[in-house]
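1. generate coordinates for the sequence data below:
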Amino acid sequence: MGDLEVNRLGFGSMRLAGNGMGGNSDGAPIDRERAVRLLRSAVERGVNHIDTAAFYFSPLRSANELINRALSPYPEDLVIVTKVGPGRDASGEWQDWARPDQLRGQVEENLRQLGRDHLDVVNFRSNGSESIAEHFGALAELRDAGLIRHLGVSAIRPEHLAQAQAIAPVVCVQNAYSLDRRNTVANDMVEICREQGIAFVPFFAISGQQREASAPDTHDEAVLDVARAHGATPAQILLAWTLHRGPHVLAIPGTSDPAHLAENIAAGALKLAQADLDRLDAVQ
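-> Residues are numbered from 1 along each chain as shown. Just a heads-up that it's a prediction; the model follows:
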C-alpha cells in the first residue's frame, strides 16, 4: 500500500467490539484480556496489517482502544488502516454521513483512540453518492497536513476511484467481495486495481452474503470438495480463493476465536490448483 509493505493476510478488528459490531456468536464482545491476547497473537504470527475504525465500538468495547492496549508501542512494520465517513453517537446510533468539514474530527478521534500522531492509511467509505470528490479532497488536505500518510477508498464504484485519483494517489480499495458476493462491478474493481497497482482489500471474504453475521454453516459442494482435497476448512478455502484473485489482493478476516485466527493465517499458505479455481469460479 504505497510505500507500506504488508503481508497478504491481515486482521479485521470489527468483531472484537460486539453489540452490533461483531464479537461472539451472540453479538456480545469477547473478554477484554482475551481480545488483547488475540491481537498480540496475530502480530506474533506475522500479521502486520490491521483494519479498524473509530465507529467499531459498543458500550463495553472499542476496537481502537483494544488495539492500543494490546500493541502500543506499535511495531515499526505494523500498518493500521482505518476508515471515516460513517458516524455513530455515544449511544451507538448511526448518524448521517460526515460532511467534508467533519472528517478532520473523525481522523482526530482515530488518532486519539489509537494513541498515534498520524494514521498509516485512511479509507473514505462512500455512502453511494454520485461523487466522493469533496470528501476525498478534505482527506487529501489532512494528508498534506501530516495527519495521514496514505489514502484509500471503500465501498466504491469505478467512477469514484477515478474521482479520488484526480485529487490524490489511492493506495487501496476496500470493497465487499467474496465467492458468493461477486458481480460485474465487483469483478471490474478487482481488475482495475490489478492494472493500476492498487491493493484490493475485500471485506466479508468469508461471511459473504451474511455480511457482519458469523460465517455460514453451510457451503456449496464445490467448496466442501476442495476443502476435503486440501485437508482444509471451508473458510480457509474461501480465503485462499480470495488471495488467488491476484497478487494485489489482500485479506482482512476478523474473528474473536484464537483457533480461527490460526486457521485464517494458515490459509495464506494454501495453494489451489487451476482445477480447484475453475471449480470454485463456477459457484453461483
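2. please, where are all the strands along the stretch 101-250 of the chain?
-> Assignment of strands within the stretch 101-250 of the chain using DSSP state E, counting those that start in this stretch yields the ranges 119-125, 148-154, 172-174, 199-200.
3. which residues does residue 142 contact?
-> Counting by Cβ atoms under 8 Å, 6 or more residues apart in numbering, residue 142 touches 103, 104, 107, 122, 148. Glycine gets a C-beta too; all of them are placed from N, C-alpha and C.
4. ok, now with 10 Å
-> Residues near residue 142 by Cβ atoms under 10 Å, 6 or more residues apart in numbering: 84, 103, 104, 106, 107, 108, 118, 119, 122, 148, 151.
5. got a PyMOL select line for the buried ones in those residues?
-> Selecting only the buried entries of the contacts of residue 142 in PyMOL, with 16 or more other Cβ atoms under 10 Å as the criterion:
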select buried, resi 84+103+104+106+107+119+122+148+151
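6. how about the strands of the stretch 101-250 of the chain, which one is nearest residue 92?
-> Between residue 92 and the strands of the stretch 101-250 of the chain, the tightest spacing by Cβ to Cβ is seen for strand 119-125, at 17.6 Å.
7. could you pull out the helices in the stretch 51-200 of the chain for me?
-> For the stretch 51-200 of the chain, applying DSSP state H, counting those that start in this stretch gives helices covering 63-71, 103-114, 133-144, 158-165, 184-196.
8. among those, which gets the worst mean confidence?
-> Here the lowest mean pLDDT among the helices of the stretch 51-200 of the chain goes to helix 184-196, at a mean of 94.
9. which helices and strands does that one pack with?
-> helix 158-165, strand 172-174, strand 199-200 (3 or more Cβ pairs under 10 Å, 6 or more residues apart in numbering; DSSP states H and E).
10. just name the most buried of these.
-> Highest mean neighbour count of these: strand 172-174, a mean of 25 (counted as mean count of other Cβ atoms under 10 Å).
11. for that one, which outside residues touch it?
-> Contacts of strand 172-174 (Cβ under 10 Å, 6+ apart): 1-2, 4, 6, 49, 51, 81, 83, 121, 123, 125, 150-156, 158, 160-161, 164, 189-190, 192-193, 196, 198-203, 248, 250, 252.
12. what do you get if the cut-off is 6 Å, keeping everything else the same?
-> Contact with strand 172-174 is made by 1, 123, 152, 153, 154, 193, 198, 199, 200, 201, as judged by Cβ atoms under 6 Å, 6 or more residues apart in numbering.
13. check the offset of that strand from the chain's centre.
-> Computed by Cα atoms, centre = their mean, to the nearest Å, the separation of strand 172-174 from the middle of its chain amounts to 9 Å.
14. direction included, what does it pair up with?
-> strand 148-154 (parallel), strand 199-200 (parallel) (DSSP bridges).
15. show me which of the contacts of strand 172-174 are buried.
-> Buried among the contacts of strand 172-174 by 16+ other Cβ under 10 Å: 1, 123, 152, 153, 154, 193, 198, 199, 200, 201.
16. now the contacts of strand 172-174 as CSV including distance to residue 10?
-> Formatted as CSV, these follow (distance: Cβ to Cβ, whole Å):
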residue, distance to residue 10
1, 10
123, 13
152, 13
153, 17
154, 14
193, 16
198, 16
199, 10
200, 13
201, 8
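17. quick one: which of those residues is nearest residue 41?
-> Distances from residue 41 to the contacts of strand 172-174, taken by Cβ to Cβ, are shortest for residue 201, at 21.5 Å.
18. any regions of the stretch 101-250 of the chain where pLDDT drops low?
-> 207-218 (pLDDT under 70).
19. and if we set it to 80?
-> 181, 207-219 (pLDDT under 80).
20. buried set for stretch 1-20?
-> Under 16+ other Cβ under 10 Å, the buried positions of stretch 1-20 are 1-2, 4, 6-18.
21. dump the contacts of residue 142 into TSV; add distance to residue 65 as well.
-> Shown next, in TSV, are the contacts of residue 142 (distance: Cβ to Cβ, whole Å):
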residue	distance to residue 65
84	17
103	21
104	21
106	16
107	17
108	15
118	19
119	16
122	18
148	20
151	24
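22. now the two most distant members of the contacts of residue 142.
-> 108 and 151 (16.2 Å).
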